[in-house]
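>>> Pasting the sequence and the predicted coordinates here, then a few questions.
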Amino acid sequence: MKEEKPGWKKLAKADVLPAGTAESFETGDWRSDRPTWHPERCIQCLICWISCPDTSILVKDSKMTGIDLKHCKGCGICARECPVKPEKAITMSSERECKL
Amino acid sequence: MAKDVAKTGNEAMAEAMRQINPDVVAAYPITPATEVVMIFAKYVADGLVSTEYVAVESEHSAMSACVGASAAGGRVMTGTSSQGLVYMFEILPIAAALRLPIVMCEVNRAISGPINIHCDHSDTMAARDFGWIQIFSENSQEAYDSLIQAIRIAEDPRVSLPTMVTTDGFIISHCLDRITILEDSEVQDFIGKSRKAEVELLNVDKPVSIGAIDLQDYYFEHRVQIAEAIKNSKKVIQEVADEFAKKFGRQYGFIEEYKLADADVAIVALGSTCGTAKVVIDELRSKGVKAGMLKIRLFRPFPAEEIIKALSNVKALAILDRSDTWSGQGGHVFTEIRSAMYEVKNKPKMINYIYGLGGREITKEHLHQVFADLGKIDSKPLYNYLGVRE
């Protein structure tokens, strides 16, 4: 169904929107690298959560529960900062490979 | 009771600001507008107003702070000139698009370069396309009165647009003039104690996003809303002027006609030059020349209908521009009026004079020359520079 968009007469003045609408807008669709969380290796230090510039590390009851791929831009900071050794709890892979 | 006082244009604007007592003023000093905010800053320091004064590091920041404070629901004012106004350009259209009723004291000054601190209208004219209402003043009294009216105009929900009231640098801003000022309570009663904002960014009970990205599917509609609002502002501007006249006795319109009704030859001008022109017209009238003037007070929105009507009986018209569009087709006022006149059947013959750039003085003799030229308009070029050396 075609979305009905209001004309200028009905549209709210000055583009005033309800707060928090960015949550429903997918901004992660141009990501070229995707993070993958490996819960079996995760030590729950939450350094990824502190480091993420896009609040895309999902946390529930003080525990890391996953990654919000709708908003993650694939910057890789979480994987870079993850202190788990020898293998990190977050790894990056090419989005192209993930989709194939 | 109103009282008569001696005030420069800058002092008059600062006095109006004190009486308005805005919630926030964010400003950066620049000649010749410095005094407006400098005097006002003293009022803040002396506790005469309850304003939050934000001393910023640039005009870009000044206008940005004004946008934030106005979006938060405050009554917000600033003042600037020339390069300062140009430095605000990035934020000026945002203030209009967010429909924020910021009121600015703008002192007309040439823009660099070469660097020059004196009067012309290049700065304000360059800002004409940003969705701000623009009101020009002939003297300190008009600046004072218009600034008070500007608060009402800008904040009217039918308008919700930023407004600048201008004076001419040094000619008005620094010259002492006898003006009549109102009582503080009269000003407060006229403008209303505080702004009634439709949206308040700081209202945590009703959180909103302001200034979100607005792409192909909505931007155009929002721009049309601005166009409609500024068109509709004419009604509000006249209503506010009429109420001001009823209460305080000084009547303003979009334009002022000076001995224009039966004039054969006339000039169009803005700002302080109109005062000089009135003297010249009186001299010509005493010699039997049917001379007149159309003064434009409101430049944005452009009062085309009223101008066409006022000029309907004029045979030869000189349009004076204190700025150039660099188009090779005359100044800002000329191109507007010529465009407005296109459909008019019996229109006056029109020529353009660009004058007074960088504070070059315009004398009675210059204006006498313009009126003499109008007597032989067919032999004159369409575009002329007045008072420049060849």
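Nice, thanks for sending it over.

>>> contacts and neighbour counts: CA atoms only from here.
Noted.

>>> Alongside chain B, which residues does chain A contribute?
For chain A, the contact set with chain B under CA under 8 Å from any CA of the partner chain comprises A:7, A:8, A:9, A:11, A:13, A:14, A:15, A:16, A:17, A:18, A:19, A:20.

>>> which residues touch the first one?
Residues near residue A:7 by CA atoms under 8 Å, 6 or more residues apart in numbering or on different chains: residue B:221.

>>> Tell me how far it lies from residue B:218.
For residue A:7, the distance to residue B:218 (CA to CA, to the nearest Å) stands at 9 Å.

>>> For residue 69, list the residues it contacts.
I went with chain A, as the question did not name one. Taking CA under 8 Å, 6+ apart as the criterion, residue A:69 is in contact with A:28, A:56.

>>> you looked at the wrong chain, it should be chain B
B:24, B:75, B:76.

>>> Which secondary structure element of the chain has the lowest mean pLDDT?
No chain in the question, so chain A it is. Lowest on mean pLDDT, DSSP states H and E among the helices and strands of chain A sits helix A:95-99, with a mean of 79.

>>> meant chain B, my bad for not saying
strand B:208-209 (a mean of 91).

>>> Mind checking if it is in reach of chain A?
Yes. Residues of strand B:208-209 are located near chain A by CA under 8 Å from any CA, namely B:208, B:209.

>>> strands paired with that strand, and their directions?
Here strand B:208-209 has these sheet partners by DSSP bridges: strand A:17-18 (antiparallel).

>>> Looking at the helix or strand just after the partner strand now, give me its mean pLDDT.
Next helix or strand after strand A:17-18 toward the C-terminus (DSSP states H and E): strand A:33-37. Model confidence over strand A:33-37, given as mean pLDDT, is 96.

>>> buried stuff in the helix or strand following strand A:33-37?
Note on strand A:33-37: by DSSP H and E, the next helix or strand toward the C-terminus is helix A:47-51. By neighbour count on 16 or more other CA atoms under 10 Å in any protein chain shown, the buried set for helix A:47-51 is A:48, A:49, A:51.

>>> What distance do you get for the residue nearest to residue B:380 when sequence neighbours are not counted to chain A?
In space, and not counting its chain neighbours, residue B:380 is closest to residue B:373: 7.1 Å by CA to CA, 6 or more residues apart in numbering or on different chains. Distance, residue B:373 to chain A, using CA to the nearest CA, to the nearest Å: 48 Å.

>>> Burial check on residue B:373, number of neighbours?
When counting by other CA atoms under 10 Å in any protein chain shown, one arrives at 18 neighbours for residue B:373.

>>> Wait, a helix at it?
Yes. Secondary structure of residue B:373 (DSSP: H, G, I helix; E, B strand; the rest coil): part of a helix.

>>> Tell me the pLDDT of it.
pLDDT for residue B:373: 97.

>>> Wait, residue B:7 touches residue B:144, no?
No. Assessed by CA atoms under 8 Å, residue B:7 is found out of contact with residue B:144, at 9.9 Å.

>>> Looking at these two, which one has more neighbours?
Taking other CA under 10 Å, residue B:7 and residue B:144 do not tie; residue B:144 has more neighbours (29 against 24).

>>> Secondary structure element for the more buried one, which one?
Per DSSP H and E: helix B:140-155 holds residue B:144.

>>> what's downstream of that helix, the next helix or strand?
strand B:163-168.

>>> Phi first, then psi, for the most centrally placed residue in chain A.
Residue closest to the average C-alpha location in chain A (CA atoms, centre = their mean): residue A:72, at 2.7 Å. Phi and psi for residue A:72, reported as degrees, to the nearest 10, are phi -70, psi 130.

>>> Now do the same contact list for residue 17.
Going with chain A. Neighbours of residue A:17 in contact, by CA under 8 Å, 6+ apart: B:208, B:209, B:210, B:212.

>>> right idea, wrong chain: chain B
residue B:40.

>>> Quick one: mean pLDDT for the one helix or strand it maps to?
Per DSSP H and E, residue B:17 falls inside helix B:9-20. Average pLDDT, helix B:9-20: 98.

>>> just stretch A:5-22 next, same as before
Averaged across stretch A:5-22, the pLDDT comes to 89.

>>> How about it, which residues are buried there?
Buried residues in stretch A:5-22 (16+ other CA under 10 Å): A:8, A:13, A:14, A:15, A:16.

>>> cool, stretch A:76-90 as well?
Within stretch A:76-90, the residues that qualify as buried are A:76, A:78, A:79, A:82, A:83, A:88, A:89, A:90, counting by 16+ other CA under 10 Å.

>>> now the residues you listed as JSON lines including distance to residue B:262 and pLDDT?
Compiled in JSON lines, the buried residues of stretch A:76-90 are given as follows (distance: CA to CA, whole Å; pLDDT from 0 to 100):
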{"residue": "A:76", "distance to residue B:262": "78", "pLDDT": "97"}
{"residue": "A:78", "distance to residue B:262": "80", "pLDDT": "98"}
{"residue": "A:79", "distance to residue B:262": "82", "pLDDT": "98"}
{"residue": "A:82", "distance to residue B:262": "85", "pLDDT": "98"}
{"residue": "A:83", "distance to residue B:262": "88", "pLDDT": "98"}
{"residue": "A:88", "distance to residue B:262": "89", "pLDDT": "98"}
{"residue": "A:89", "distance to residue B:262": "88", "pLDDT": "98"}
{"residue": "A:90", "distance to residue B:262": "85", "pLDDT": "98"}
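
>>> between those, which is closest to chain B?
Using CA to the nearest CA, residue A:76 is the member of these that sits closest to chain B, with 25.6 Å.

>>> What distance do you get for the closest one to residue A:68?
13 Å.

>>> what ranges of chain B fall below the confidence cut-off?
In the predicted model, chain B carries no residue with pLDDT under 70.

>>> list the buried ones in stretch B:178-191?
Judged by neighbour count using 16+ other CA under 10 Å, the buried positions of stretch B:178-191 are B:179, B:180, B:181, B:182, B:184, B:186, B:187, B:190, B:191.

>>> Pull stretch A:74-92 out as CSV, backbone CA atoms only.
Taking C-alpha atoms only, stretch A:74-92 is exported to CSV below (Å, rounded to 0.1, in the frame of the first residue of the first chain):
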residue,chain,number,x,y,z
GLY,A,74,30.3,-1.4,11.5
CYS,A,75,33.0,0.9,12.7
GLY,A,76,34.7,-2.0,14.5
ILE,A,77,35.6,-0.2,17.7
CYS,A,78,33.9,-2.8,19.8
ALA,A,79,36.0,-5.6,18.2
ARG,A,80,39.2,-3.5,18.5
GLU,A,81,38.6,-2.8,22.2
CYS,A,82,37.4,-6.2,23.2
PRO,A,83,40.1,-7.4,25.7
VAL,A,84,39.3,-11.2,25.5
LYS,A,85,42.3,-13.3,24.6
PRO,A,86,43.4,-15.3,22.6
GLU,A,87,40.2,-14.9,20.5
LYS,A,88,38.1,-11.8,20.9
ALA,A,89,34.4,-12.0,21.9
ILE,A,90,33.5,-9.7,19.0
THR,A,91,34.9,-10.2,15.6
MET,A,92,34.4,-8.3,12.3
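
>>> neighbouring contacts of it?
A:28, A:31-43, A:47-49, A:51-52.

>>> how does it look with 7 Å?
When contacts are defined by CA atoms under 7 Å, 6 or more residues apart in numbering or on different chains, stretch A:74-92 is touched by residues A:31-39, A:41-42, A:47-48, A:51-52.
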